[in-house]
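J.: Here is my input; please provide its structure:
(one chain, ligands or ions: 2)
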Amino acid sequence: MTDLKLNNRVGIPLHLLNRHALILGETGTGKSSTILTMTERLADAGVPVFLVDAKGDMGIIRRTAIDVSLLDPYRNLGANVGAMGASLISRALGLSPAQSGAVELAFSFDRFSGPVPLATLDDLHKLIHKVRLDESAGGFITAATHGVIMRQSLQLRDSFVGKATFDVAELLEPSRVSILKGDRIMMQPCAYSALILFLLEQLYSRLPEVGDQPKPRLVFIIDEAHLVFRDLAPAMLQRLEQIVRLIRSKGVALVFASQAATDIPGTIRDQCAHKLAHANRYGVGRPLVETLAPDGRWRSPGIIRVDRPRCQTEPHSEPVDIALRALDGVSEPGALLVPPIRERPSCANVAASGGTIENVLSVAMAILTLWGINTLTIDVSFPTFALAIFGIAMLFLRSLRK
Ligand SMILES: Nc1ncnc2c1ncn2[C@@H]1O[C@H](COP(=O)(O)OP(=O)(O)OP(=O)(O)O)[C@@H](O)[C@H]1O
Ligand SMILES: [Mg+2]
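T.: Ligands and ions are numbered 1, 2, ... in the order given. This next block holds a predicted model:
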């Protein structure tokens with residue numbers, strides 16, 4: 001059995017990753033970097049990954065992953081109206097329960113009155129218009145409701161809604177990293193939520209049961225997961241809970257990333273066996289990890305330092321970066337995909353910068369980290385040991401200055 005290594009000591013058993021995971025942490029605590037590290041290692045192990053690029057900082061993975069596909073909900077990712085169904089269309093349009101009821105009625109009218117093509121948003125309007133004029137529908141759809149649906153649709157005119165349906169089989173190619181370009185669609189949280197729910201529905205309905213596998217068929221990482229759940233109608237939440245429960249046996253591992261655990265409904269949180277809780281008080285890139293041992297028992301390796309992803313640390317040539325910018329349609333050199341890399345303190349640069357107490361402590365931390373020892377847990381449980389290391393660090397610093 002192999003592990004998805006988070007660092008050289010701690011990993012998540014690959015065959016248990018489909019028990020789903022949570023990646024939590026305030027902004028800037030290293031969630032995205034952790035996601036990139038996991039993605040690189042999953043791709044190395046032949047596992048396909050779907051991830052959402054909420055802030056434009058995930059494209060950097062193209063430096064190290066070989067098969068990367070960019071999915072843009074305004075270009076090459078679509079969902080036709082019929083395939084989405086009444087509830088997801090209503091979610092995408094951000095309709096109230098009463099307005100959603102009107103859309104449900106229109107869809108059922110379609111079922112009773114013979115096949116009406118229902119692919120684009122225009123088709124939806126024609127249908128609603130027809131139902132409004134039909135006496136058997138009893139005037140259930142008011143002009144005001146129709147107006148709201150028209151208005152909301154206008155905002156989604158260029159988006160994935162009403163376009164040719166994306167084939168989720170494309171996500172399943174071994175080692176493929178599919179990146180959903182999320183910056184624009186997230187400005188319309190209801191549409192983003194509907195898109196994620198649609199992709200999950202499609203995966204759920206298309207994939208056969210496979211039972212336990214040595215590694216997942218797909219790891220589906222949902223960043224800004226709170227947007228998916230916000231104001232979700234009870235029936236949709238119930239459906240999502242069911243999908244989360246059952247998609248496991250179809251070999252799909254879900255990873256929910258968000259700022260706080262409370263962003264994720266308890267019934268879904270309880271189904272996540274692995275938890276990486278980042279926090280400012282632990283330090284950047286140092287989550288508190290709870291996971292499962294290979295035999296399925298719960299275990300907590302404590303606060304660990306997750307390896308930085310290679311795509312953030314390995315130097316790359318100018319031609320590679322130019323090629324990446326060109327793929328992104330970014331021409332300004334200043335708008336490079338690569339976020340600044342904040343380095344951990346190293347012995348040499350700390351010594352060079354002066355001899356304050358803070359620097360000495362940093363050197364102690366750097367030495368402990370070099371030894372692979374988790375400084376935060378040591379501080380709390382072995383104060384004497386920490387003091388001894390502090391002394392060594394001071395001696396070391398003095399010798400560097402000589
Ligand atoms: N292990 C690490 N060591 C040092 N710096 C790190 C580490 N992990 C991430 N960083 C740096 O910390 C900064 C924030 O990281 P990141 O973007 O992953 O945080 P985030 O939790 O995703 O934030 P947000 O919620 O705003 O998206 C980045 O500049 C990143 O390069
Ligand atoms: Mg992030």
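J.: tell me the contacts of Val219?
T.: By CB atoms under 8 Å, 6 or more residues apart in numbering, the contact set of Val219 is Leu17, Met38, Thr39, Leu42, Val47, Pro48, Val49, Phe50, Val252, Ala253, Val255. Every residue, glycine included, has its C-beta placed from N, CA and C.
J.: Now, the residues you listed that are in helices?
T.: By the criterion of DSSP state H, membership of the contacts of Val219 in helices covers Met38, Thr39, Leu42.
J.: Might you report the residue contacts of the last one?
T.: So the one you mean is Leu42. Leu42 sits next to Leu4, Pro48, Val49, Val219 when contact means CB under 8 Å, 6+ apart.
J.: Now tabulate those in TSV and tack on distance to ligand 1 and pLDDT.
T.: Output for the contacts of Leu42, formatted as TSV (distance: CB to the nearest ligand atom, whole Å; pLDDT from 0 to 100):
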residue	distance to ligand 1	pLDDT
Leu4	17	96
Pro48	22	98
Val49	16	97
Val219	17	98
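J.: can you put the residues you listed in JSON lines and add distance to Lys181?
T.: Formatted as JSON lines, these follow (distance: CB to CB, whole Å):
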{"residue": "Leu4", "distance to Lys181": "25"}
{"residue": "Pro48", "distance to Lys181": "18"}
{"residue": "Val49", "distance to Lys181": "15"}
{"residue": "Val219", "distance to Lys181": "19"}
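J.: from those, which are also near ligand 2?
T.: Counting by CB under 5 Å from the ion, nothing from the contacts of Leu42 sits close to ligand 2.
J.: between those residues, which is closest to ligand 2?
T.: Nearest to ligand 2 among these is Val49, at 15.6 Å by CB to the ion.
J.: ok, that closest one - contacts?
T.: Per CB under 8 Å, 6+ apart, neighbours of Val49: Met38, Thr39, Leu42, Ala43, Arg176, Val177, Ser178, Leu218, Val219, Phe220, Ile221.
J.: let's see it at 7 Å
T.: Val49 is in contact with Thr39, Leu42, Ala43, Val177, Val219, Ile221, counting by CB atoms under 7 Å, 6 or more residues apart in numbering.
J.: With just CA atoms, put the host helix or strand of the last one into PDB.
T.: Okay, so that is Ile221. Using DSSP states H and E, Ile221 sits in strand 218-222. Below are the C-alpha coordinates for strand 218-222, written out as PDB (Å, rounded to 0.1, in the frame of the first residue of the first chain):
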ATOM      1  CA  LEU A 218     -10.200  10.700  -9.400                       C
ATOM      2  CA  VAL A 219      -9.400  13.200  -6.600                       C
ATOM      3  CA  PHE A 220     -11.900  16.100  -6.800                       C
ATOM      4  CA  ILE A 221     -10.700  19.100  -4.900                       C
ATOM      5  CA  ILE A 222     -13.300  21.800  -4.200                       C
END
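J.: Show me which parts of that strand are buried, residue by residue.
T.: Buried positions in strand 218-222, judged by neighbour count with 16 or more other CB atoms under 10 Å: Leu218, Val219, Phe220, Ile221, Ile222.
J.: What strands line up against that strand, and which way round?
T.: Strands that pair with strand 218-222, judged by DSSP bridges, come out as strand 49-53 (parallel), strand 252-258 (parallel).
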